[in-house]
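A.B. asks: below: sequence and its predicted model.
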Amino acid sequence: MFRRNILCFVFSLTWLTASWAQAETLNLGTLNEGIRGQMRIFQPLLTYLEDELKEIGISEVRLVVHPSTQLMAEAISRREVDIFIDSPLVVAKVAQLSGGVPFLRHWKDGQASYYSVIFTHVNSGVISLEDLAGRRIALEDYDSSSGFILPAHMLLNTGLRLKQLRAPGAPHTSDEVGYFLTYNDKNTMFSVASGRADAGATNQKNYLDLMEARPDEFRILAISDRFPRSVLMHRPGLSEDLLNELRFTLKAMNKAEDGRAVLKSFQNSAGFDEFAAGSKRTFAPIFEILQDLEDAGID
């Protein structure tokens with residue numbers, strides 16, 4: 001289904017008919033600009049959940065994609081999205097706006113956790129984060145955990161001030177770190193490699209891939225704390241019975257051959273599990289990071 005009048009794209013795995021109009025649906029949401037690509041990624045999981053949850057009255061599982069945290073939070077508040085899946089700091093932003101509750105960890109790319117890396121070219125003359133005062137850093141976009149939120153927080157913790165640049169070459173003062181948005185990890189890496197930026201930020205997997213492709217050309221300036229790789233959040237008021245069944249189904253996927261096959265095809269997942277320290281303790285430092293950014297006028 002494609003609706004031109006709003007920035008929301010909803011694709012169903014089954015054709016909607018009048019007889020299904022009253023059927024119970026489960027709506028999964030994620031952030032992205034490209035619905036077709038996300039459908040290819042999510043379809044195996046949607047199909048699996050439809051089959052597993054039909055006994056409790058779920059006849060349809062749909063994917064809802066929005067391009068920003070604000071629009072996703074509004075959709076969750078309207079109960080148009082039941083489950084939201086994304087990186088932890090993005091989920092935290094949406095939770096603050098919508099009242100949603102993080103409840104499961106997702107082992108995306110087989111990883112339970114990940115971190116952000118701020119890096120530079122070896123010929124940049126930048127040795128430490130403090131050296132970035134008066135220089136430029138390439139960051140992905142405001143809704144990227146490893147490409148913006150975590151590196152921006154690391155820079156602020158170093159005592160640096162940040163200023164957004166409308167273009168890479170825009171002027172800024174010598175006591176500010178000028179940042180510009182690349183909207184893509186590959187663009188961030190190219191900006192650093194080409195000298196358009198004095199530093200950039202990405203997650204550790206992308207950085208290791210870059211080092212493998214171009215060894216000895218880059219150095220790490222800072223590494224963030226580790227956070228869950230990916231997180232599921234449920235909307236306020238979701239049925240406890242449905243939530244418990246969904247939690248059980250997702251956590252059991254890696255114990256069956258068909259479940260493992262679906263996980264492999266869905267973002268090379270290793271499975272879903274509970275937060276080892278509990279949801280509140282896991283997200284307390286994440287909410288603190290978001291508050292620090294808001295206090296600095298960056299949100």
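C.D. replies: Everything's here; your move. Numbering: from 1, shown residues only.

A.B. asks: only C-alpha atoms for contact and neighbour calcs from this point on.
C.D. replies: Fine.

A.B. asks: and residue 284, what helix or strand is that in?
C.D. replies: helix 279-295 (DSSP states H and E).

A.B. asks: C-alpha coordinates for that helix, CSV please?
C.D. replies: This file holds the C-alpha atoms of helix 279-295, laid out as CSV (Å, rounded to 0.1, in the frame of the first residue of the first chain):
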residue,chain,number,x,y,z
SER,A,279,15.7,-2.8,30.3
LYS,A,280,15.8,0.0,32.8
ARG,A,281,19.4,-0.4,33.7
THR,A,282,20.5,-0.9,30.1
PHE,A,283,18.7,2.3,28.9
ALA,A,284,19.5,4.6,31.8
PRO,A,285,22.9,5.7,30.4
ILE,A,286,21.3,5.9,26.9
PHE,A,287,18.7,8.4,28.1
GLU,A,288,21.5,10.3,29.8
ILE,A,289,23.3,10.6,26.5
LEU,A,290,20.2,12.0,24.8
GLN,A,291,19.7,14.5,27.7
ASP,A,292,23.3,15.7,27.4
LEU,A,293,22.8,16.3,23.6
GLU,A,294,19.5,18.1,24.3
ASP,A,295,21.2,20.3,26.9
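
A.B. asks: what lies in contact with it?
C.D. replies: 88, 89, 92, 93, 102, 103, 149, 150, 152, 153, 275, 299 (C-alpha atoms under 8 Å, 6 or more residues apart in numbering).

A.B. asks: any chance of a PyMOL selection covering the buried ones in the residues you listed?
C.D. replies: Only the buried members of these enter the following PyMOL selection, criterion being 16 or more other C-alpha atoms under 10 Å:
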select buried, resi 88+89+92+93+102+103+149+150+152+153+275
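
A.B. asks: so where do the helices sit in the stretch 1-150 of the chain?
C.D. replies: 35-53, 69-77, 88-98, 150-157 (DSSP state H, counting those that start in this stretch).

A.B. asks: and the second one, which residues are buried?
C.D. replies: This means helix 69-77. 69, 71, 72, 73, 75, 76, 77.

A.B. asks: which one of these is nearest residue 129?
C.D. replies: Nearest to residue 129 among the buried residues of helix 69-77 is residue 69, at 28.6 Å by C-alpha to C-alpha.

A.B. asks: outline the domain layout of this protein.
C.D. replies: Per automatic domain parsing, the domain ranges recorded for the chain read 9-111+228-294, 116-224.

A.B. asks: CA atoms of stretch 255-275 as CSV?
C.D. replies: Provided in CSV are the C-alpha atoms of stretch 255-275 (Å, rounded to 0.1, in the frame of the first residue of the first chain):
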residue,chain,number,x,y,z
LYS,A,255,16.3,-23.1,18.7
ALA,A,256,14.6,-24.4,15.5
GLU,A,257,16.0,-25.0,12.0
ASP,A,258,13.3,-23.0,10.2
GLY,A,259,13.7,-20.2,12.8
ARG,A,260,17.5,-20.1,12.3
ALA,A,261,17.0,-19.9,8.5
VAL,A,262,14.7,-16.9,8.9
LEU,A,263,17.2,-15.2,11.3
LYS,A,264,20.0,-15.7,8.8
SER,A,265,18.0,-14.1,6.0
PHE,A,266,16.9,-11.2,8.3
GLN,A,267,19.9,-9.0,8.8
ASN,A,268,22.2,-12.1,9.4
SER,A,269,20.6,-12.3,12.9
ALA,A,270,21.7,-14.7,15.6
GLY,A,271,18.5,-14.3,17.6
PHE,A,272,16.6,-12.3,20.2
ASP,A,273,17.1,-12.3,23.9
GLU,A,274,16.5,-10.3,27.1
PHE,A,275,18.7,-7.5,28.3
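
A.B. asks: what's the neighbour count on the closest residue to residue 120 other than its chain neighbours?
C.D. replies: With sequence-adjacent residues excluded and distances taken as C-alpha to C-alpha, 6 or more residues apart in numbering, residue 120 is closest to residue 199, at 4.4 Å. Counted by other C-alpha atoms under 10 Å, the residues lying close to residue 199 total 29.

A.B. asks: fine by me, thanks again.
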